[in-house]
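Participant: coordinates only, no sequence provided:
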């Protein structure tokens, strides 16, 4: 559906004027979902936790609602998809098995990984095939997630179930007295349209493609109308917006204060006390809620407050409506034996004046295409080059659309500097990989790619917008070093490659160094070997190395080695 520039400007002006309503929750339009009395609903499902291993993707039928089973896309036939849980410093490895009749890609959202392991549309696993992904876990503790990222069908595959949590632990977070175990609860919120036969309906219209696909059934961990029995104590909730397009303004129905303790990239410096928190698709927050003052037998609901959205109102539960998300019934006894420190972590802020690069990503629309800098996504086109390990100031500018755009950057986390639409929100604090850009607004972030170089993506996490072009490739360029996505051998031949125990390195006759170095993708030397006089080959043992990608270097000659067992 195309819009004239006049219509765009009129709607944009109205949207800008309404931003105060968005921040304060004033009702521009509201549809309150039917309240659930205590005792009704479905017990919250808790995902199974795994460290990696086989991830078999297939079609599965599950009991979502009473009556007919619901067909979904599953991982290891689990519902909801299993939570991957690892520790910083581990090597994550997974064998992705595609039992579907279409391509699939899994992306490790928020993880700092080599671009060849990132899970991009250019890296499909074809129907009936499999692929191994392995990378060192360098992220700090936090609530991340993984999901489909398949070219042009990301939205439908995520909608049908291909998304799960990816939790990282570390020693810093582990030393804090936060709620743990049964008091540490994941809440992956999604919305679905479900027909009279209990089947998921994904049939977006032109309006859905423009605004994003929203549903009238709110699910948490795949559970419609969920409730959780709790004790009168502190709880930690890891909240993921796993919806295709719906934005949530989280609040408790008793207007109680909760504390935001973490955002996309883990712990904040200090807890933020608030009564409401926006959460866009792809964003995560961790909150600590205190139920200690609630009487036994009482209940409190987490809900989404109303906010203004200048879009179609035909859906049973439109964007910006008010509705319940999950009910907490105080029926248990117990004590999490936890507390909330005033200091959670140390975060060194970037300094805006240190930014070497200034670049703007202009968000737009052209007919049915959603665009960045006037272009719809092309898999083989690099839209921007940014230097490795260099601070940049990026602006996400939403001047010409009337839609919300949660913008996600692959390969790193960033810090949000400013919003032209107002002050930063609780979910804007700390390390971020996804930021909500409202209509008529520009958001500035400071970003640095200090782990890997190669090709990465920036895109809207409204998945219908992503599938219709609001995505771009950018290159993190490390001049003078091998790009980690390079297929060039630089005059060095490796055999075998991938290697399991030893790799034989054949060197060119003309070389300026007699030393061969095996490095990680950050360029750090792991081991070296001297080439004997007159020899043209050297053998290096790799059996003790973690699975993953490495660099072989001899002077200016470089090649990429894959260690895989």
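Facilitator: Nice, thanks for sending it over. From a predicted model like this one, the values you see are computed outputs, not experimental measurements. Numbering: from 1, shown residues only.
Participant: contacts and neighbour counts: CA atoms only from here.
Facilitator: OK.
Participant: separation between the residue nearest to residue 294 when sequence neighbours are not counted and residue 315?
Facilitator: For residue 294, ignoring the flanking residues on the chain, the nearest one in space by CA to CA, 6 or more residues apart in numbering is residue 232 at 6.2 Å. Residue 232 sits at a distance of 37 Å from residue 315 (criterion: CA to CA, to the nearest Å).
Participant: with neighbour numbers in mind, choose between those two.
Facilitator: Each of residue 232 and residue 315 has its neighbours counted (other CA atoms under 10 Å); residue 232 has more, 20 against 13.
Participant: for that one, phi and psi?
Facilitator: Its backbone dihedrals place residue 232 at phi -80, psi 80, with angles given as degrees, to the nearest 10.
Participant: which parts of the protein are helices?
Facilitator: Taking DSSP state H to define them, one finds helices in the chain at 5-17, 19-24, 154-159, 171-174, 206-211, 463-467.
Participant: buried ones in the shortest one?
Facilitator: Residues of helix 171-174 classed as buried under the neighbour-count rule (16 or more other CA atoms under 10 Å) are residue 173.
Participant: any idea how far residue 304 is from residue 298?
Facilitator: 20 Å.
Participant: actually residue 560, not the one I typed
Facilitator: 49 Å.
Participant: so for stretch 553-565, mean pLDDT?
Facilitator: Per-residue pLDDT over stretch 553-565 has a mean of 78.
Participant: what comes up buried for that stretch?
Facilitator: Of the residues in stretch 553-565, those buried (16+ other CA under 10 Å) are 553-554, 557-564.
Participant: and stretch 373-383, how far out from the chain middle?
Facilitator: 21 Å (CA atoms, centre = their mean, to the nearest Å).
Participant: same deal with stretch 294-304?
Facilitator: Taking the mean of its C-alpha atoms, stretch 294-304 sits 29 Å from the chain's own mean (CA atoms, centre = their mean).
Participant: can we start the residue count at 11 from this point?
Facilitator: Taking 11 as the first residue, the last one we looked at is stretch 304-314.
Participant: first-to-last residue distance for that stretch?
Facilitator: For stretch 304-314, by CA to CA, the gap between its terminal residues amounts to 21 Å.
Participant: got a list of contacts for it?
Facilitator: In this structure, residues lying in contact with stretch 304-314 by CA atoms under 8 Å, 6 or more residues apart in numbering are 48, 242, 258-264, 331-342.
Participant: of those residues, buried ones?
Facilitator: Members of these that pass the buried threshold by neighbour count (16+ other CA under 10 Å) are listed as 242, 258-263, 331-340.
Participant: look up how far residue 255 lies from residue 381.
Facilitator: Taking CA to CA as the measure, residue 381 and residue 255 are separated by 17 Å.
Participant: can you check residue 384 too?
Facilitator: Per CA to CA, residue 384 is found 22 Å from residue 255.
Participant: neighbour count for the two, which is higher?
Facilitator: Regarding residue 384 and residue 255, a neighbour count based on other CA under 10 Å identifies residue 255 as having more, with 29 against 15.
Participant: run a quick neighbour tally on residue 527.
Facilitator: When neighbours are counted by other CA under 10 Å, residue 527 registers 21.
Participant: actually, residue 520.
Facilitator: Look at residue 520: counted by other CA under 10 Å, it has 7 neighbours.
Participant: state the distance from it to residue 218.
Facilitator: When CA to CA is applied, the distance between residue 520 and residue 218 equals 60 Å.
Participant: before we move on, the earlier item: I'd like the list of the buried residues of stretch 563-575 that fall within strands, please.
Facilitator: 563-564, 567-573 (DSSP state E).
Participant: of all those residues, which two lie farthest apart?
Facilitator: Distances among those were taken as CA to CA; the most separated pair is 567 and 573, at 19.5 Å.
Participant: next up, the contacts around residue 342.
Facilitator: 239-242, 306.
Participant: do you know the pLDDT at it?
Facilitator: Looking at residue 342, the pLDDT reads 97.
Participant: could you do residue 518 as well?
Facilitator: Residue 518 is assigned 81 on the pLDDT scale.
Participant: in contact with the nearest residue to it once chain neighbours are set aside, which residues?
Facilitator: Spatially, and ignoring its direct neighbours in sequence, residue 518 is nearest to residue 501 (5.9 Å; CA to CA, 6+ apart). Taking CA under 8 Å, 6+ apart as the criterion, residue 501 is in contact with 517-518, 567-569.
Participant: closest one to residue 92 out of those, please.
Facilitator: Nearest to residue 92 among these, counting by CA to CA, is residue 569 at 36.2 Å.
Participant: that closest one pairs with what?
Facilitator: Residue 569 has the following beta-bridge partners by DSSP bridges: residue 562.
Participant: pretty sure it sits against residue 561.
Facilitator: Yes. Contact criterion CA atoms under 8 Å: residue 569 and residue 561 qualify, at 5.9 Å.
Participant: on that earlier part again, who's more crowded, residue 308 and residue 314?
Facilitator: For residue 308 versus residue 314, neighbours defined as other CA under 10 Å are more numerous around residue 314 (25 against 11).
Participant: any idea how far that one lies from residue 376?
Facilitator: Between residue 314 and residue 376 the distance, using CA to CA, works out to 31 Å.
Participant: before we move on, what about residue 365?
Facilitator: Distance of residue 365 to residue 376, given as CA to CA: 32 Å.
Participant: ok, residue 59 next?
Facilitator: Taken as CA to CA, the spacing of residue 59 relative to residue 376 amounts to 43 Å.
Participant: and for residue 232?
Facilitator: Note on residue 232: its distance to residue 376, by CA to CA, is 35 Å.
Participant: more neighbours: which of these two?
Facilitator: Using other CA under 10 Å as the criterion, residue 232 and residue 376 rank with residue 232 on top: 23 against 14.
Participant: quick one, phi psi at that one?
Facilitator: Dihedral angles of residue 232 (phi, psi; degrees, to the nearest 10) stand at phi 80, psi 10.
Participant: show me where the stretch 461-575 of the chain has its strands.
Facilitator: Secondary structure of the stretch 461-575 of the chain (DSSP state E, counting those that start in this stretch): strands at 464-470, 481-487, 503-505, 512-516, 525-529, 535-540, 547-551, 558-564, 567-573.
Participant: the last one vs strand 558-564, what angle?
Facilitator: With axes from the mean of the first three to the mean of the last three CA atoms, to 10 degrees defining the directions, strand 567-573 sits at 150 degrees from strand 558-564.
Participant: tell me which other helices or strands strand 567-573 touches.
Facilitator: When contacts are defined as 3 or more CA pairs under 8 Å, 6 or more residues apart in numbering; DSSP states H and E, strand 567-573 packs onto strand 503-505, strand 558-564.
Participant: how about a cut-off of 6 Å?
Facilitator: Counting contacts by 3 or more CA pairs under 6 Å, 6 or more residues apart in numbering; DSSP states H and E, strand 567-573 packs against strand 558-564.
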